[in-house]
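Peer 1: How does the following fold in three dimensions:
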Amino acid sequence: QLQLVESGGGLVQPGKSLRLTCKASGFSLDYYAIGWFRQAPGKEREGVSCMSSSGRSTNYATSVKGRFTISRDNAKNTVYLQMNSLKPEDTAVYYCARKTLCVLPPIGSWGQGTQVTVSS
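Peer 2: Here you go, the predicted model:
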C-alpha cells in the first residue's frame with residue numbers, strides 16, 4: 001500500500017522551530033518529487049515547498065522562503081521540512097504528497113497530516 005505519513009507537528013511559540021517528517025512506505029521516494037502543503041482553518045490548501053526527485057531543485061512559497069528548508073533522505077525514504085522562526089500565520093495542518101515533477105499536481109490521496117500550531 002502506497003502511503004505517506006506526516007509527523008512532527010505540535011504547539012510552539014512564535015519564533016521557535018519544528019521539523020516535520022514525511023515517511024513513505026510501499027514505494028520508493030527515489031523517483032518522485034515531494035511537496036509539502038498546508039491548510040489553515042477556513043482556507044484552501046496551499047503549497048509550501050517542493051523538492052525534485054534528485055534533490056537538486058527546491059522551491060518555496062514566498063511566505064516561508066528563508067525560514068523553511070526542505071530536505072530528503074532517500075535511504076530512509078523520508079522527506080523533512082525544517083521550519084524556523086515560526087509565526088502564528090504558519091498555523092495549519094501540514095501534508096506531504098508525491099509528484100512526478102514539482103510543477104505538476106500531487107499524486108494520490110492525502111494523508112492525515114500533522115497539526116502545527118504557533119501561539120504564545
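
Peer 1: can you give me phi and psi for Thr114?
Peer 2: In this entry, Thr114 is assigned phi and psi values of phi -140, psi 130 (degrees, to the nearest 10).

Peer 1: That one: neighbour count?
Peer 2: Applying other Cβ atoms under 10 Å, we find 22 other residues in the vicinity of Thr114. Glycine gets a C-beta too; all of them are placed from N, C-alpha and C.

Peer 1: Just list whatever residues bridge to it.
Peer 2: Under the criterion DSSP bridges, Thr114 forms beta bridges with Tyr94.

Peer 1: Show the contacting residues for it.
Peer 2: Contacts of Thr114 were listed using Cβ atoms under 8 Å, 6 or more residues apart in numbering, and they are 6-9, 20, 93-94.

Peer 1: what residue ranges in the chain score low on pLDDT?
Peer 2: Across the chain, no stretch falls below the confidence threshold (pLDDT under 70).

Peer 1: how many neighbours does the nearest residue to Ser120 once chain neighbours are set aside have?
Peer 2: Beyond its immediate neighbours in the sequence, the residue positioned closest to Ser120 (Cβ to Cβ, 6 or more residues apart in numbering) is Gln13, lying 5.3 Å away. Gln13 has 10 neighbours, counted by other Cβ under 10 Å.
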